[in-house]
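>>> Here's my sequence, what's the structure:
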Amino acid sequence: MPGDDPLALGRAALERAAWDDARAHYEQASEAGGGAAWEGVSWAAWWQGDLDATFAAREAAFRAYRQAGDSCGAARMAMWLASDHFDFRGDDAVAGAWLRRAEDLVRDRPPCPEHGYNLLMAADLALFAHGDPATALAKAEEAIEVARVIGDVGVEVVGNAVLGSALVARGDVEAGLRRLDACAALAIAEDFDLIVAPGWALCHTVSVCTNVGDFGRAGQWCRALHTWSARWNGRHFFGICRTAYGDVLATRGDWGDAEEELSSALRDMSTTRPAMAASTAVRLGRLRASQGDRVGARELYESAVPLPGAVLALGELDTDAGDPSAGVDAADRVLRNAGEASLLDRFPALELKARASARAGDHDGATAGADELERDAARLGTPYMRGRGRFVRAEVLTAAGDHDGARRAAEDAADLFAACAAPYDAARSRLLLAEALQALGRADRAAAEARAARDMLARLRATRTDDAIPEELSPRETEILRLVAEGLGDPQIAARLFLSPHTVHRHVANIRAKLRTPSRAAAVAYATQRGLL
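Below is the predicted model of the structure:
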């Protein structure tokens, strides 16, 4: 009877997201050795996050389809093995080998969905493994053409998502975001033969919107991805969603909820998609650093090396701790491996290099880096990215002694961050503005800006995340920290207290070490919160 057919029962269970039932039925059917049964087992195990079973079942399905002469089925399994090796294990070379096998199997066949998805997997590898948006763009366009020929909405929607990501990566942000909006809307409105197609498309959309600092758009599509993930019990997709949403919350100043989302995402991703957990660890580490937990941040960053974001984050910690040469080295390391056309990959590395060069006294290098960064920020176009460019410009001009230029750049940064509701970045900009105003002799306005920044940081509860008690500050250190909180830079503090700038710099480094904070802004925030000032 059809109702007793384990293959049919397995398909029905998959369609209602009953992964345990689906796996049991497909495992029963696999006793006969068919490719469809093993493919069903692989999908049930994939949704459950059972890595070993997923790989074993995919390989068994591949062999069964090959033996049966079903080249499309074998190509499909080879393509998903490529995807799994990249997503689960980060093995881009193994993924590439499986993908070439998939392409060979259908090369001489009429257009079919496998052609399209092979192209899209190749596009993803080009974009995420090799930083090559031009190749990703060409592959995505080819896949969309295949979709139009065969009428496959899944290939078309994912193709447009990959195409939008590639457009943004090369700097065509407005066109890329429009493409992503359109495909994401289809992803939540259409039915698909391939269940994971909407998640694939939405993941691209959420990640790109977050990376370019379009937090309103990112939040909306995060909620759509969350709804889709909950419907299909997709823990790994939910982890991606939580990572992006946690980043949005952290930037907007809701640090309590951001902590919960990012910590939960890291647990989910470590279990179901360990190769993807590194980016979540970096985002959580950045939150820790903002809160003043330098040790916790470093541990998270080091767990994610050699991910470029982790290398850069460690370089930032070292730069803020007084070792700018380490920051320059970290930025150069990432830039050597980032494709020239991959704007999003290069942006944070250029940001760090300009800041670290300024602190190292390389004013020409810092100025050139700030010039390139602001050009890229203008191409990305969002207020948040433009604000980051202006903030770095203010730091570079401060280091060069151009305090009026620094004032203008810091004002621009504060305004841009305020426009996109990024309070921590806005507060840091206002502290930098206060330093420039103090150097220009505008003490009253400098004090007002510094006070506003301190109040903002205190509201964010920029404190340590553990219960350890920091070392007590000496009277001199407390005096210097009060002046830092007023917006004075090291030279102004030195003149006020009749000390050398080197001595002031050493005191500030000691203050940060005692309070276990990564920056001057975090030290001020911590001291304000605890009433030390």
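>>> going forward, measure contacts and count neighbours with C-alpha atoms only.
OK.
>>> any low-confidence regions in this structure?
Residue ranges of the chain with pLDDT under 70: 1-3, 339-341, 461-471, 498, 516, 518, 529-531, 533.
>>> Okay, domains of it per the record?
Here the domain parsing of the chain from automatic domain parsing is 305-363, 393-529.
>>> pretty sure D257 contacts V248?
No: here D257 lies out of contact with V248, judged by Cα atoms under 8 Å, at a distance of 10.3 Å.
>>> Rebuild the domains of the chain as a markdown table, extending it with mean neighbour count and distance to H85.
What follows is the domains of the chain, written out as a markdown table (neighbours: other Cα atoms under 10 Å; distance: least, Cα to Cα, whole Å):
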| stretch | mean neighbour count | distance to H85 |
| --- | --- | --- |
| domain 305-363 | 21 | 17 |
| domain 393-529 | 21 | 35 |
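>>> which one of those lies closest to P133?
Among the domains of the chain, the nearest to P133 by Cα to Cα is domain 305-363 (6.3 Å).
>>> gap between the two ends of that closest one?
For domain 305-363, the first-to-last residue distance is 29 Å (Cα to Cα, to the nearest Å).
>>> Can you check which of the domains of the chain gets nearest to S83?
Smallest distance to S83 across these (Cα to Cα): 18.6 Å, for domain 305-363.
>>> Tell me how far that closest one lies from the chain's centre.
16 Å (Cα atoms, centre = their mean, to the nearest Å).
>>> How about R286: what's its closest non-neighbour residue?
A297 (6.5 Å; Cα to Cα, 6 or more residues apart in numbering).
>>> re the thing from before, columns distance to L99 on top of the domains of the chain, output as a markdown table?
Formatted as a markdown table, the domains of the chain follow (distance: least, Cα to Cα, whole Å):
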| stretch | distance to L99 |
| --- | --- |
| domain 305-363 | 22 |
| domain 393-529 | 41 |
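>>> what sits against T135?
By Cα atoms under 8 Å, 6 or more residues apart in numbering, the contact list for T135 reads 123, 126-127.
>>> Including secondary structure, neighbour count and distance to R390, could those go into TSV?
Below are the contacts of T135 laid out as TSV (DSSP: H, G, I helix; E, B strand; the rest coil; neighbours: other Cα atoms under 10 Å; distance: Cα to Cα, whole Å):
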residue	secondary structure	neighbour count	distance to R390
A123	helix	27	33
A126	helix	20	31
L127	helix	22	28
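>>> L457 against D425, yeah?
No: in this structure, L457 is not within contact of D425 by Cα under 8 Å, at 9.7 Å.
>>> which SSE is L105 in?
L105 is located in helix 92-106, with elements delineated by DSSP states H and E.
>>> list the buried ones in that helix?
Across helix 92-106, burial judged by 16 or more other Cα atoms under 10 Å covers 92, 94-96, 98-103, 105-106.
>>> Packing partners of it?
Helix 92-106 sits against helix 71-89, helix 113-124, with contacts defined as 3 or more Cα pairs under 8 Å, 6 or more residues apart in numbering; DSSP states H and E.
>>> Following the chain onward from the shortest one, which element is next?
Reading on from helix 113-124 to the C-terminus, the next helix or strand found by DSSP H and E is helix 133-150.
>>> okay, that next one in PDB with CA atoms only?
What follows is helix 133-150, C-alpha atoms only, in PDB (Å, rounded to 0.1, in the frame of the first residue of the first chain):
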ATOM      1  CA  PRO A 133      33.000  39.200  -6.700                       C
ATOM      2  CA  ALA A 134      33.600  39.400 -10.500                       C
ATOM      3  CA  THR A 135      33.600  35.600 -10.900                       C
ATOM      4  CA  ALA A 136      30.600  35.400  -8.400                       C
ATOM      5  CA  LEU A 137      28.700  37.900 -10.500                       C
ATOM      6  CA  ALA A 138      29.300  36.000 -13.800                       C
ATOM      7  CA  LYS A 139      28.300  32.700 -12.300                       C
ATOM      8  CA  ALA A 140      25.200  34.100 -10.700                       C
ATOM      9  CA  GLU A 141      24.100  35.700 -14.000                       C
ATOM     10  CA  GLU A 142      24.600  32.400 -15.800                       C
ATOM     11  CA  ALA A 143      22.500  30.600 -13.100                       C
ATOM     12  CA  ILE A 144      19.700  33.100 -13.500                       C
ATOM     13  CA  GLU A 145      19.600  32.500 -17.200                       C
ATOM     14  CA  VAL A 146      19.400  28.700 -16.600                       C
ATOM     15  CA  ALA A 147      16.500  29.400 -14.200                       C
ATOM     16  CA  ARG A 148      14.600  31.400 -16.900                       C
ATOM     17  CA  VAL A 149      15.100  28.600 -19.400                       C
ATOM     18  CA  ILE A 150      13.800  25.800 -17.200                       C
END
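>>> I'd like the next helix or strand past it.
Counting by DSSP H and E, the element after helix 133-150 in chain order, helix or strand, is helix 153-169.
>>> what angle sits between that following helix and helix 133-150?
Inter-element angle recorded for helix 153-169 and helix 133-150: 160 degrees (by axes from the mean of the first three to the mean of the last three Cα atoms, to 10 degrees).
>>> Please, which helix or strand holds A495?
Secondary structure (DSSP H and E) places A495 in helix 490-497.
>>> How about residues contacting that helix?
For helix 490-497, the surrounding residues in contact (Cα under 8 Å, 6+ apart) are 438-439, 480, 483-484, 499-501, 503-505.
>>> Could you do stretch 172-180 as well?
Contacts for stretch 172-180 (Cα under 8 Å, 6+ apart): 160-161, 163-168, 204-205, 209, 379-381.
>>> and if we set it to 10 Å?
Residues from elsewhere that reach stretch 172-180 (Cα atoms under 10 Å, 6 or more residues apart in numbering): 157-158, 160-170, 183-184, 186, 201-202, 204-206, 208-209, 212, 214, 217, 343, 379-382.
>>> need the helices and strands packed on helix 92-106 in CSV with distance to A418, can you?
Compiled in CSV, the helices and strands packed on helix 92-106 are given as follows (distance: least, Cα to Cα, whole Å):
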stretch, distance to A418
helix 71-89, 36
helix 113-124, 34
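>>> how many neighbours does N118 have?
If you count neighbours by other Cα atoms under 10 Å, N118 ends up with 26.
>>> Return the residue spatially closest to it, with its sequence-adjacent residues excluded.
For N118, ignoring the flanking residues on the chain, the nearest one in space by Cα to Cα, 6+ apart is M79 at 6.1 Å.
>>> Distance of that neighbour relative to G246?
The gap separating M79 from G246 is 31 Å, by Cα to Cα.
>>> Next: D444.
Separation of D444 from G246 (Cα to Cα): 37 Å.
>>> Now for S357: which residues touch it?
319, 324-325, 327-328, 363-369, 396, 399.
>>> So which of those sit within helices?
Among those, the residues falling in helices (DSSP state H) are 319, 324-325, 327-328, 363-369, 396, 399.
>>> any chance of those residues in a markdown table, plus distance to A418?
Putting those into a markdown table (distance: Cα to Cα, whole Å) gives the following:
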| residue | distance to A418 |
| --- | --- |
| T319 | 26 |
| P324 | 28 |
| S325 | 32 |
| G327 | 28 |
| V328 | 29 |
| H363 | 29 |
| D364 | 30 |
| G365 | 29 |
| A366 | 26 |
| T367 | 25 |
| A368 | 27 |
| G369 | 25 |
| V396 | 21 |
| A399 | 24 |
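>>> with these in mind, which one is nearest to A275?
Of all those, A275 sits closest to G327, with 25.4 Å by Cα to Cα.
>>> close enough to count as contact, that closest one and P348?
No: the criterion here is Cα atoms under 10 Å, and G327 misses it with P348 at 11.7 Å.
>>> Pull up the overlap in contacts between the two.
With Cα under 10 Å, 6+ apart as the test, G327 and P348 both reach 312-313.
>>> Overlap in contacts, L457 and D425.
In the contact map built from Cα under 10 Å, 6+ apart, the residues linked to both L457 and D425 are 253, 290.
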